[in-house]
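In: Predicted model and sequence follow; I will ask about them next.
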Amino acid sequence: MKETLKFIKLFSANKSALIGGVLVICLGVIALAAPLLSGYAPDGQNMAEKLQPPSRLHLLGTDELGRDVFSRMIFGSRISLSVGFAAVFISTLIGLLVGAVSGYFGGWIDQFFMRLVDIVLSVPALFFILMLVVFLGPSIFNVMVIIGLTTWTDLARLVRAEVLSLKNREYILAARASGASHARIIIKHILPNAMAPVFVSVTFGVAGAILIESGLSFLGLGVQPPDPSWGNILTSGKDYIETAWWLTAFPGMAIFATIISYNLLGEGLRNILDPRLSGSKERV
Amino acid sequence: MTENALLSIRGLHTYFFPGKAVGRAVEGVSFDVGSSESIGLVGESGCGKSVTALSILRLVSRPGKIVSGEIIFERGGKKEDMLLLSEQEMTKVRGGEISMIFQEPFTSLNPVFRVEYQVGESAKLHLGIKGEALRALVMETLSGAGIKDAERVADSYPHELSGGLRQRVMIAMALISGPKLLIADEPTTALDVTVQAQILDLLADIRLKRKLSVIMVSHDLGIINRICDRVNIMYSGRIVESSPKKEIFSNPLHPYTAGLLKSIPSLSKIEKRLPAIPGNVPDPFDPPAGCRFHPRCQKAMDICKKTEPGETVVDGRMVKCWLYK
Amino acid sequence: MARYILKRLLLSIPILFGISLITFAVIHITPGGPTVVQSQMNAKMSPDSIAKLKTLYGLDKPLHLQYLNWLSRLARFDFGESFNDNRPVTEKILERLPATLQLNILSLLLLFLIAVPLGVYSAAQENSVFERLFTSLSFVGYSIPAFWLALLLMLFFGVWLQWLPISGMASVNAANMPPVLQIYDSIQHLLLPLFVSVFGSIAGLSRYMRSGMLEVIRQDYIRTARAKGLPERDVLLKHALRNALLPVITIIGLSIPGLISGGFIFETIFAWPGMGRLAYESAMSFDYPVIMGVVTAGALLTLLGNLFADIAYAFADPRIRY
């Protein structure tokens, strides 16, 4: 409880955490309230009103099929956010597991996983993702899983380092001496103390996953029309770049705003949770 | 005494400003260093002795700041307040007229430059020599710092040298431009005991040879004993006692000095336990009222808790304690 | 040193092996494939001709034989032939490499020249207006999606102002231009891709540089340098910078994979004929040999890049000896 209060105090004193946090919540609320805000069905075509510039009727204009861009963007945020969270969930799970097991047991298990990490890091990650999506077929589900399966390496390394530094502490040795099982020691005693970098990495991870998803959707490999996504609206933007600037400007701004919000929040969390970067009182 | 002093510090205040809090690290320190005199600045860690030393060269880094005071230093026959000098003029003082050596020889040398470059850099800057003459001077100074194979050491990187050698390199670096005053901030604390003795002997020797004034900062009165003429005891940002060396050991005035003396391990008297002074150094952000030492002082009186004692002169020695009023 | 390099090269063999095996597995285990595409495009294709096609591509053999065959050709530096046009994969890669190298070497150089001074300067100006501006702007740079930035620039400079061409490396009629104009033309084509590729990385590298400098400035040896009487300029640019640059060497080594084929999104946008686009095209058309070639070559370049970075690090940091 005291810890939570201290965290809230630090959080509200940290500008980037506060701004990022508020923006992240706003974006979440918009996604949840999409049907209330949109005014048009996201896939409602109206060829009579195709490629209209922004107007009072269509706040952010319409696309080549006469669909309302604002409504598509708002519904698109639901898809982007869910892809982001699902992918990060998968990658965090793998990263935690690999990092904890690797760091805790050491030896050949550690060797095996760290070589695996080396291999994954030597493959240009984006291309590998692209290849998997092409071969497995583009769909929201595939994109989530593939991003999750390919982005766990950084976290695994972080967690491993954290576990290595924790595993010889007295209380861990005491737990081991009292006969606790490995799984219990890892889950009960080690992981809770290694959570700080995990929170930070999750926040940055959401931004990263949304960026990848929108890139893939932009190339036509992610979210497939008629499902709306910021990336696939931008595809139309590129096709109609000479005539319809609003198809490029607005969805991109949505991606940008989302990414910067999560990055701000992540940066703020890092400053709060990593004591090395904050507080100069100790240095006097 | 101020008349012929090489350096005289008056009312030095150095504070730290992290965020909204104010840490009063040095509060009203005044003392003199005569020509060829060796002064000790002694106290527990956190008492402000290192900050005082750094203030002389204006090397206190943020969030620390010298708030007020005078640091008068004699340069070329003239007395000048160092706090009024321009930054450019100050660079001439640093390393040229006043040099400093630090506690950690392991981290105080730049890991990516060879010793020759690092030692020579100062001479290049202050004496304007280069090439062969510079190399010759570097070798001579390294030898003067008691380094036997100066050539090899000069071509080494710091990580290739032992702690004792590195501290000798630091000393050579400090002396190469012929300063008048050397500030040594815990120069032996990080070293092995045997090496400590060698480095102290070297400093004592160099001091006499070069007629150098020295400010020796240390927490260890034993070290001070070997090298200093006069001792200033610091506590919580103030000098609480200033006495000639002999007298401070035979007859300490301030209860804090007495406490420090009792905690020196002695080989002749084998004691079960060193009577350390109970309690901790006060937090510079939240110091106690009255005499800063009163919560730890066994002789504390009522007045000590309320009012801070001023300077009292006893037999030509200065002490700040209500016992002597 | 030589022993270390040899050891590293030997160690990279299992990594390359692992990468090629994983790529091979992905290609063959997943449902998509060249025969699927071709039969979709041509509905009249009989099962018989699909089988023929498989034989032609060597896809009828057992998987382990296919992989061993690929490996044995690789041992002779032969990546096989493209399914699409039957040209050797090596030739296709070498053809695309110059465009990629041109863009990436230029952008690495620019990146270094801009990001390092920027990071150093903002570290020296800690807590100033400049530093606050720098922090906010670098956040923008860090978070802006490269492909959107590319589209915006195309919109602005290509469509609205009509100052710059929006795709390709040269104009259609470039071959008929006098040499001076040809250079001018290729610079014009280079500007937007170069800007996009540098812009996103400046933020990251200069922030990294800045925190590195701030870390170094706190070190004891910086205080020593100041105590020597060095002017602040020399303290920062000689004593601090040398130390703060060390980790940057590693960062550049690590950024190589992204540069080689991670740039496929904006190479596709700008129709820049580099490796990234080759990778993209090969994946889209299920051109197995080209995919395997691009991934392996990319990984090889990455490993070599990391090795060079480590060697450079050893030269720059006297504490490290192999």
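Out: Cool, the structure landed. Numbers count the residues shown, from 1 in each chain, chains lettered A, B, ... in the order given.
In: contacts and neighbour counts: CA atoms only from here.
Out: Noted.
In: Chain A contacts on chain B?
Out: When proximity is defined as C-alpha under 8 Å from any C-alpha of the partner chain, chain B approaches chain A at B:16, B:18, B:23, B:25, B:64.
In: make that chain C, sorry
Out: C:15-16, C:18-19, C:26-27, C:30-33, C:139-140, C:143-145, C:147-148, C:151-152, C:155, C:159, C:257-258, C:260-262, C:264-265, C:279-280, C:283-284, C:286, C:295, C:298-299, C:302-303.
In: if we can go back for a sec, farthest-separated two in the residues of chain B next to chain A?
Out: Largest separation among these by C-alpha to C-alpha: B:18 and B:25, giving 12.4 Å.
In: Give me the neighbour count for the closest residue to chain C within the stretch 151-300 of chain B.
Out: Of all residues in the stretch 151-300 of chain B, residue B:159 sits closest to chain C, at 6.6 Å by C-alpha to the nearest C-alpha. Residue B:159: 17 surrounding residues under other C-alpha atoms under 10 Å in any protein chain shown.
In: Tell me where the stretch 151-300 of chain C is predicted with low confidence.
Out: C:174, C:257-262 (pLDDT under 70).
In: Sorry, slip of the keys, the one I care about is the stretch 1-150 of chain B.
Out: B:1-3.
In: now do 90
Out: Flagging of the stretch 1-150 of chain B using pLDDT under 90 yields the residue ranges B:1-5, B:17-25, B:27-28, B:35, B:43-48, B:61-64, B:75-80, B:103-107, B:130.
In: What residues does it have near chain C?
Out: B:57, B:59, B:88, B:90-96, B:99-102, B:104, B:107-112, B:122, B:125.
In: Which of those residues fall within helices?
Out: Among the residues of the stretch 1-150 of chain B next to chain C, DSSP state H puts B:88, B:90, B:91, B:92, B:93, B:122, B:125 in helices.
In: ok, of the residues you listed, which come out buried?
Out: Among these, those buried by neighbour count (16 or more other C-alpha atoms under 10 Å in any protein chain shown) are B:90, B:91, B:92, B:93, B:122, B:125.
In: Quick check: chain neighbours aside, which residue is closest to residue A:159?
Out: Spatial nearest neighbour of residue A:159, chain neighbours left out: residue A:99 (4.9 Å); criterion: C-alpha to C-alpha, 6 or more residues apart in numbering or on different chains.
In: what's near enough to touch the one you found?
Out: A:155, A:156, A:157, A:158, A:159, A:160, A:161, A:163 (C-alpha atoms under 8 Å, 6 or more residues apart in numbering or on different chains).
In: I'd like to know the phi and psi angles of the fourth one, please.
Out: Per-residue torsions, residue A:158: phi -60, psi -50 (degrees, to the nearest 10).
In: burial count for it?
Out: Using other C-alpha under 10 Å, residue A:158 has 20 neighbouring residues.
In: That one and chain C, how far apart?
Out: 17 Å (C-alpha to the nearest C-alpha, to the nearest Å).
In: Enumerate every residue touching that residue.
Out: Applying C-alpha under 8 Å, 6+ apart, one finds that residue A:158 lies in contact with A:99, A:197.
In: if I look at it, how far off is residue A:118?
Out: As for residue A:158, its distance to residue A:118 is 14 Å (criterion: C-alpha to C-alpha, to the nearest Å).
In: Dump stretch A:18-30 to CSV, keeping only the CA atoms.
Out: What follows is stretch A:18-30, C-alpha atoms only, in CSV (Å, rounded to 0.1, in the frame of the first residue of the first chain):
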residue,chain,number,x,y,z
LEU,A,18,1.8,11.7,-16.6
ILE,A,19,1.3,13.0,-20.2
GLY,A,20,1.8,9.5,-21.6
GLY,A,21,-0.5,7.9,-19.1
VAL,A,22,-3.3,10.4,-19.7
LEU,A,23,-3.0,10.0,-23.5
VAL,A,24,-2.9,6.2,-23.2
ILE,A,25,-6.1,6.3,-21.2
CYS,A,26,-7.8,8.7,-23.6
LEU,A,27,-6.9,6.4,-26.6
GLY,A,28,-8.2,3.4,-24.7
VAL,A,29,-11.5,5.2,-23.9
ILE,A,30,-11.9,6.2,-27.6
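In: what residues does chain C put near chain B?
Out: Chain C has residues C:219-224, C:226-231, C:239, C:242-243, C:316-319 near chain B, with proximity defined as C-alpha under 8 Å from any C-alpha.
In: can you pull the buried residues of whichever strand or helix holds residue A:22?
Out: Under the criterion DSSP states H and E, the helix or strand holding residue A:22 is helix A:15-32. For helix A:15-32, burial by neighbour count (16+ other C-alpha under 10 Å) applies to A:16, A:17, A:18, A:19, A:20, A:21, A:23, A:24, A:27, A:28, A:30, A:31.
In: hmm, which two among the buried ones among the ones in helices among the residues of the stretch 1-150 of chain B next to chain C are most spread apart?
Out: B:90 and B:122 (14.0 Å).
In: And the contacts of residue A:99, which is closest to chain C?
Out: Distances from chain C to the contacts of residue A:99, taken by C-alpha to the nearest C-alpha, are shortest for residue A:157, at 15.1 Å.
In: Leaving out the residues flanking it, which one is nearest to the closest one?
Out: Here the residue nearest residue A:157, using C-alpha to C-alpha, 6+ apart, is residue A:99, at 6.0 Å.
In: for residue B:24, what are its contacts?
Out: By C-alpha under 8 Å, 6+ apart, the contact list for residue B:24 reads B:13, B:14, B:15, B:16, B:237, B:284, B:285.
In: That one falls within a strand, correct?
Out: Yes. When DSSP: H, G, I helix; E, B strand; the rest coil is applied, residue B:24 is found to be in a strand.
In: circling back to that earlier point, using PyMOL, define a selection of the buried residues within the contacts of residue A:99.
Out: Buried residues among the contacts of residue A:99 (16+ other C-alpha under 10 Å), as a PyMOL selection:
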select buried, chain A and resi 155+156+157+158+159+160+161+163
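In: possible to save the contacts of residue A:99 as CSV with pLDDT and secondary structure?
Out: Conversion of the contacts of residue A:99 to CSV gives the following (pLDDT from 0 to 100; DSSP: H, G, I helix; E, B strand; the rest coil):
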residue, pLDDT, secondary structure
A:155, 89, helix
A:156, 90, helix
A:157, 88, helix
A:158, 87, helix
A:159, 88, helix
A:160, 89, helix
A:161, 86, helix
A:163, 86, helix
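In: Of the residues of chain B next to chain A, which is the nearest to chain C?
Out: Nearest to chain C out of the residues of chain B next to chain A is residue B:18 (C-alpha to the nearest C-alpha; 12.5 Å).
In: host element of that closest one?
Out: For residue B:18, there is no host helix or strand (DSSP H and E).
In: For it, grab the count of nearby residues.
Out: Around residue B:18 there are 17 other residues, counting by other C-alpha under 10 Å.
In: Touching, it and residue B:61? I think so.
Out: No. Residue B:18 is beyond contact range of residue B:61, at 11.6 Å (criterion: C-alpha atoms under 8 Å).
In: Now residue C:125. Nearest residue, chain neighbours left out?
Out: Residue C:125 sits nearest to residue C:131 (C-alpha to C-alpha, 6+ apart), 6.2 Å away.
In: So that neighbour sits against residue C:122, correct?
Out: Yes. Using C-alpha under 8 Å, residue C:131 is in contact with residue C:122, at 5.1 Å.
In: where exactly do the helices run in the chain?
Out: If you meant another chain, say so; for now it's chain A. All helices of chain A, identified by DSSP H, fall at A:2-13, A:15-32, A:34-38, A:69-105, A:107-122, A:125-136, A:140-150, A:153-166, A:170-177, A:182-184, A:195-218, A:230-239, A:246-273.
In: oops, I was thinking of chain C
Out: In chain C, helices defined by DSSP H lie at C:2-29, C:34-41, C:47-57, C:63-75, C:89-124, C:129-143, C:146-153, C:179-217, C:220-227, C:232-234, C:241-261, C:264-269, C:275-284, C:288-316, listed in chain order.
In: what's the closest of the ones you listed to residue A:46?
Out: That would be helix C:146-153 among the helices of chain C, by C-alpha to C-alpha, at 26.1 Å.
In: any residues touching the closest one, and which ones?
Out: Helix C:146-153 is contacted by residues A:215, A:234, A:238, A:248-249, A:252, C:192-193, C:196-197, C:200, C:265-266, C:269-270 when judged by C-alpha under 8 Å, 6+ apart.
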